[in-house]
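1. structure for the following, please:
(one chain, ligands or ions: 1)
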Amino acid sequence: MDKDELLKQAKDRFSFMQRNKIEKAIDFASVKHNGQLRASGEPYITHPLSVASILIDWQVDLDSVIAAILHDTLEDTDTTLQEIEDNFGKDIAFLIDGVTKVSAARKGMREIKSYLPKTRDNLSKFLIAIGKDSRVLVIKLADRLHNLRTLKYLSPEKQHKIADESLEVFARLADRLGMGRVRVEIEEISFSYLEPKRYSYLKKLTKKRVAKAYARLYKVKDEVSDILKEQKIKHQIDGRIKSIYSLHRKLTKYDEDINEVYDLMAIRVIVGSKSSCYKTLGIIHNLYQPIIHKIKDYIATPKTNGYQSLHTTVKTSDDQIIEFQIRTKQMHDFAENGMAASFHYNEQKQSKNYFKRRSVSALPEHLDWTSQLKQTAKLVQEGTPIEDIKVDLFGDRIFIYSPDGDIYDLPEGSFPLDFAYAVHSDIGDSSKTFIVNGKIARFDHQLNSGDVVEVKTSQSNHPKSDWLKYVKTAKARNKIKTKLKTKSV
Ligand code: MN
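-> Sure, this is the predicted structure:
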């Protein structure tokens, strides 16, 4: 990637004036990185330009692209923050400072597996940097992706370390931001370096299976497409093979029996509106036998990262098992680029034409991970143990419903008290009895995704020290400890 190529790519997305700003940043960074080389032997500047190119591809805003071009100048050259602010303004300086802080915080990490900075100060910086403006994290993800794509030039030890950290931290972060396409690429590359033998074995295995099944997959695709045309539902339809890494995880779960892995192949249908999604689902169920427990309505109930789609797995007349994903174009853009795509929408918001265009699918605040990050940063500053924070940030999540149908997103393994504190700390503090799915549940009852939890409170009830055994979230633990302290004073 060089200057001309990047400017050419920017042409579709940015105006002449905006491209002038991009050019100024390229010239600035080129002078600063002059003489530095990448491990591949190429001039260093190819790296920040490639990162900017990835970001343009993700449709991010102008500030993020410029920040990406300059992202390594603070850390790797004599450039000062003031210099960046003077030349490119406060917003861009803020983004670059954030990206640099995330790198600095990462350097303070303990052993690889504990993917969080070691010191409270570093952790706090890390969270504040990414929580204040999630564009920082998106730039960091593009940076990491380019480093992964060029990993072959590094020593085996470095390859292993970077691949491991990418899988443990960056793939999860991408997932949290709803950036599905990025998550998959990070997983595929990382896994190919971490377990090269397994990777190539699985690649061969799918190729064999898929070659046999592809013809049948296309037959199903055409069948569905024909009926959609008949019903005048405009659509795009494509078949695809699941990623090697997700196959690896499924096989591990099903004792290596590939016949148990149903959704090796998936067909994706993109339609014009939400109601067409449901119509399409009906048409597919009319054609093929659905596997009932595999029907998922992520449109009515989006995933915690904002992902929306209808999923169904069906058995065709010739015994093929195929997963269908049905969504609108907007849901599809979000599934691929997630948070990054939403910056683009924010950019539109500022222009006059915004209201004529489609609106942003805004998430309720309690499901928005970046607002959770801000809360987590606060918990760190208040002294919450780092181990507790880790569960909140990177653990798998479950959905819990209140009796009114409000959804709460909690870490896997949460208890009723975690739910009570998630609703409100007063409710947590005065919890007396829990009713889970209509039945009284004990304090040590672990919740499952989809549970409906009702909390009965009593003003005379107060936190007890053994409550600490029945909480998983840092928030609940913290609130209980605070109450216990004030009581004993
Ligand atoms: Mn970099």
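2. in the stretch 351-489 of the chain, which spans are helices?
-> 369-381, 386-394, 416-423, 425-429, 474-488 (DSSP state H, counting those that start in this stretch).
3. of the ones you listed, which shows the lowest average pLDDT?
-> Mean pLDDT is lowest for helix 386-394 among the helices of the stretch 351-489 of the chain, at a mean of 62.
4. any idea how far the residue nearest to H33 when sequence neighbours are not counted is from L81?
-> Excluding the flanking residues, the one nearest H33 by CB to CB, 6 or more residues apart in numbering is Y44, at 4.3 Å. Using the backbone N, CA and C atoms, a C-beta is placed for each residue, glycine as well. For Y44, the distance to L81 (CB to CB, to the nearest Å) stands at 20 Å.
5. those two - which one has more neighbours?
-> Just comparing Y44 and L81: by other CB atoms under 10 Å the higher neighbour count belongs to Y44, 19 against 14.
6. extract the CA atoms of stretch 449-465 and return them as CSV.
-> Taking C-alpha atoms only, stretch 449-465 is exported to CSV below (Å, rounded to 0.1, in the frame of the first residue of the first chain):
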residue,chain,number,x,y,z
SER,A,449,-29.9,-17.6,29.2
GLY,A,450,-33.6,-16.8,28.7
ASP,A,451,-34.6,-17.1,32.4
VAL,A,452,-37.2,-14.8,33.6
VAL,A,453,-36.2,-13.6,37.1
GLU,A,454,-38.4,-11.8,39.6
VAL,A,455,-36.9,-10.3,42.7
LYS,A,456,-39.0,-10.0,45.9
THR,A,457,-37.6,-7.3,48.2
SER,A,458,-38.0,-6.3,51.8
GLN,A,459,-36.9,-3.0,53.2
SER,A,460,-35.7,-4.8,56.4
ASN,A,461,-33.3,-7.0,54.3
HIS,A,462,-29.7,-6.1,54.0
PRO,A,463,-26.6,-7.6,52.4
LYS,A,464,-24.9,-10.4,54.4
SER,A,465,-21.3,-11.5,54.1
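7. can you tell me which residues in this structure are near the ion?
-> Residues of the chain lying close to the ion (CB under 5 Å from the ion) are D72, D143.
8. can you check which helix is longest in the chain?
-> For the chain, the helix that runs over the most residues, judged by DSSP state H, is helix 196-230.
9. quick check: what element follows that one along the chain?
-> Sequence-wise, the next helix or strand downstream of helix 196-230 (DSSP states H and E) is strand 235-241.
10. tell me what angle that following strand forms with helix 196-230.
-> If you take axes from the mean of the first three to the mean of the last three CA atoms, to 10 degrees, strand 235-241 sits at 160 degrees to helix 196-230.
11. what does strand 235-241 rub up against?
-> Outside strand 235-241, the residues that touch it by CB atoms under 8 Å, 6 or more residues apart in numbering are 206, 210, 214, 217-218, 220-221, 224-225, 228, 264-272, 276, 280.
12. many thanks, I have nothing further to ask.
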